[in-house]
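Novice: Build me a structure from this.
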Amino acid sequence: MGKQEFIAMMAMLMALNALAIDIMLPALQEIGADLQVADVNERQFIVSSYLFGFGFAQLLYGPISDRFGRRAPMIFGLSVYILCSLLIVIVPSFGMLLMLRFIQGAGAASTRVITVSIVRDVFGGRSMAEVMSLIMMVFMIVPIIAPGTGQLIMLGGNWHLIFLFIAIMAGMILAWMTLRLPETLAKEDVRPLTLSSILGGFRIVLTNRVALCYTISATFIFGALFGFINSAQQIYVGIYGLGPWFPVAFAAVAAFMSLASFINARLVGRFGMRKLSHGSLLGFILVTFVWLLVQVLSTEPMPFLLFLSFFALAMFQFGWIGANFNSLAMEPLGHVAGTASAVLGFMSTIGGAAIGAVIGQAFNGTALPMVAGFFSVSIIGLIFVLIAEKGKLFQQHNPRI
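Specialist: Numbering: from 1, shown residues only. As a prediction, the model looks like this:
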C-alpha cells in the first residue's frame, strides 16, 4: 500500500467517528420530536451517549490489539458499529436509541485506538506528526460535508435514513480495509493479554510525565470542541435562526480546521511539534479571551459574522493543537502503542465528553457559556503543557524520523 492510500484509509477509518456525530446534528430537533423528548437540552444526550461508549471501549481495544494484532479487533469493532447503525433505523424509543448509540460508540472506539496504533507502528517523531496532520486534514472533510449530507437526506426522507447511510459507508470502508490493510504489529511488540501485562502497560503510560500531561491538556481542549458540538444546533438555529443554512456555517468552521491541519503537515517537519502546538495554544487563549470580552460586554447577541470569525480563528488554532499533542503523547510509547493509544484515547474522550456535556448543558439561550468554557479549558490546557515541559515552552526535542 502506498503512502497516499494509507493516509486516505486511516483518515476514513477515523472519520467514521465524526460521521456518526456530525451527520445527524441537523436531525436532532426531528429526532427529539419523533421520540417525544420534552427538554431540548436532552437531545444533546444523543451525542454524549455515543462519546461515552466511544471512550470507555478504548481501554479494551488497546491491550487486545497489542496481543492479537490490529486487523481482527478493527474488523470486530466496525461490525458492531454497522449493526448498531442498522438497528437505530428501527429504534422505537429514545432510551433504546441512547443505548444503541453507546454501543455504536463502543464499536467505533476501534477506529480511534487501532488507527493511531497503526500510524505509530509505521511512523515516529515528526514523521508521525506530519502523517497525523494529513490524516486529520482528510478527516476534517467529514465535518465539512456531513451536516449538509444529513440535511439533504432529510429532504428526501426522515432521520432514520441518516443511520442507514452511516451503515452503508462503514460497510464500504470495512471492505476496503479488509482487502488492502496488512497487519502492522511487529512480532517482537506482541504483548501477552494478562492482567499483569495490561496493568504494566497502563503503568508505563500513566507514569510518563510528557504523555500524561499532553493527554490531559488535549482532553480539556477537546472538551471545548465537544461542548460546541453539543450546543451547535441551538446556537446556529436557536440564536441566529440559520435554519437550513446551519450545515453551511458548520462546514465553514470545519474547513478552517482542515486548512490548519494541512498547513501543520507542511510545517511540522521544519519547525517541530512543540513550536507549532505551543504557539497555537497561546493563540487559542488570546482569541478566546478577546471573544469572551466581546461576549460579556454585549447586551445583544453579537453579529453572526463576528461570532463566526471568532469561532473560525479559534478552531484554526485547534487544528494545530490536536494532531501535535496526540503525537507528542504517543512519541515515547511506541513499544506499547496499542495500550498507550487506548489509555490516552479513553482519557481524552471521556474527559472531553464530560467537559463538553457540562458546557453544553450550561446553554442558557446565549453563547456565553460556550465562549467562557473555551477560554477556561485553554488556560487549564496551558498549565498541563507547562508541567510536561518543566515550565519551558518551544523547546525542541524531536528529531525528524
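
Novice: now Phe256: how far from Leu242?
Specialist: 18 Å (Cβ to Cβ, to the nearest Å). Every residue, glycine included, has its C-beta placed from N, CA and C.

Novice: can you give me phi and psi for Val89?
Specialist: Main-chain torsions, Val89, degrees, to the nearest 10: phi -60, psi -30.

Novice: residue ranges with poor pLDDT in the stretch 151-300 of the chain?
Specialist: Judged by pLDDT under 70, the stretch 151-300 of the chain has no weakly predicted residues.

Novice: Let me know the helix or strand that the residue of the chain most remote from its centre is in.
Specialist: What lies farthest from the middle of the chain is Thr299; by Cα atoms, centre = their mean that is 33.4 Å. In the assignment (DSSP states H and E), Thr299 maps to no helix and no strand.

Novice: do Leu225 as well
Specialist: helix 209-233.

Novice: Can you mark which positions in that helix are buried?
Specialist: Residues 210-233 are the ones in helix 209-233 that count as buried (16 or more other Cβ atoms under 10 Å).

Novice: try stretch 279-292
Specialist: Quick answer for stretch 279-292 (16+ other Cβ under 10 Å): 279-285, 287-288, 291-292.

Novice: got the residues you listed as a markdown table, with distance to Met370 and secondary structure columns?
Specialist: Below are the buried residues of stretch 279-292 laid out as a markdown table (distance: Cβ to Cβ, whole Å; DSSP: H, G, I helix; E, B strand; the rest coil):
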| residue | distance to Met370 | secondary structure |
| --- | --- | --- |
| Gly279 | 24 | helix |
| Ser280 | 20 | helix |
| Leu281 | 19 | helix |
| Leu282 | 21 | helix |
| Gly283 | 19 | helix |
| Phe284 | 14 | helix |
| Ile285 | 16 | helix |
| Val287 | 14 | helix |
| Thr288 | 10 | helix |
| Trp291 | 10 | helix |
| Leu292 | 10 | helix |
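
Novice: what's near enough to touch the residue nearest to Phe284 when sequence neighbours are not counted?
Specialist: In space, Phe284 comes closest to Gln317 once its chain neighbours are excluded; the distance is 3.9 Å by Cβ to Cβ, 6 or more residues apart in numbering. If you count contacts by Cβ atoms under 8 Å, 6 or more residues apart in numbering, Gln317 has them with 260, 280-281, 283-284, 287.

Novice: Please identify the helix or strand for Gln317.
Specialist: Assessed by DSSP H and E, Gln317 sits inside helix 304-330.

Novice: Report the angle between that helix and helix 209-233.
Specialist: 150 degrees (axes from the mean of the first three to the mean of the last three Cα atoms, to 10 degrees).

Novice: In the stretch 251-400 of the chain, mark out all the strands, start to finish.
Specialist: Assigned by DSSP state E, counting those that start in this stretch, the stretch 251-400 of the chain shows no strands.

Novice: Quick one: the helices in it, in order.
Specialist: Along the stretch 251-400 of the chain, counting by DSSP state H, counting those that start in this stretch, helices occupy 273-297, 304-330, 337-361, 368-388.

Novice: rank those helices by pLDDT, which is bottom?
Specialist: Least confidently modelled of the helices of the stretch 251-400 of the chain is helix 337-361, at a mean of 82 by mean pLDDT.

Novice: now it against helix 304-330, angle please.
Specialist: Using the same axes, to 10 degrees: helix 337-361 against helix 304-330 is 150 degrees.

Novice: follow-up on the earlier one: how far away is the residue farthest from the centre of the chain from Leu368?
Specialist: 12 Å.

Novice: ok, now Arg67?
Specialist: 48 Å.

Novice: repeat for Phe76
Specialist: Separation of Phe76 from Leu368 (Cβ to Cβ) stands at 43 Å.

Novice: need the longest helix for this protein.
Specialist: Secondary structure of the chain per DSSP state H: the longest helix is helix 94-122.

Novice: quick one: the helix or strand that that helix is followed by to helix 273-297, angle?
Specialist: The element immediately downstream of helix 94-122 (helix or strand, assigned by DSSP H and E) is helix 125-139. Helix 125-139 runs at 40 degrees relative to helix 273-297, counting by the same axes, to 10 degrees.

Novice: residues making contact with helix 125-139?
Specialist: Helix 125-139 has contacts (Cβ under 8 Å, 6+ apart) with 3, 7-8, 10-12, 14-15, 18, 115-116, 119-120, 122-123, 258, 261-262, 264-265, 268-269, 272-273, 319, 322-324, 326-328, 330-331, 398-401.

Novice: Which residue is the nearest non-sequential neighbour of Gly381?
Specialist: Excluding the flanking residues, the one nearest Gly381 by Cβ to Cβ, 6+ apart is Ser217, at 4.1 Å.

Novice: List the residues that contact that neighbour.
Specialist: Counting by Cβ under 8 Å, 6+ apart, Ser217 has contacts 281, 325, 380-382, 384-385, 388.

Novice: switch the cut-off to 6 Å
Specialist: 381, 384-385 (Cβ atoms under 6 Å, 6 or more residues apart in numbering).

Novice: out of these, which is most surrounded?
Specialist: Scoring these on neighbours with other Cβ atoms under 10 Å, the highest-scoring entry is Gly381 at 26 neighbours.

Novice: Could you measure from the closest residue to Val294 other than its chain neighbours over to Leu13?
Specialist: If the residues on either side of it in the chain are set aside, Val294 comes closest to Met302, at 6.1 Å by Cβ to Cβ, 6+ apart. Between Met302 and Leu13 the distance is 38 Å, computed by Cβ to Cβ.

Novice: neighbour-wise, which of those two wins?
Specialist: Leu13 (27 against 20).

Novice: Mind pulling the model confidence for the more buried one?
Specialist: 93.

Novice: Let me know whether it touches Thr111 as I believe.
Specialist: Yes - the criterion here is Cβ atoms under 6 Å, and Leu13 meets it with Thr111 at 4.6 Å.

Novice: Which elements pack onto whatever helix or strand Phe246 lives in?
Specialist: Assigned by DSSP H and E, Phe246 falls within helix 246-271. Counting contacts by 3 or more Cβ pairs under 6 Å, 6 or more residues apart in numbering; DSSP states H and E, helix 246-271 packs against helix 125-139, helix 141-155, helix 304-330.
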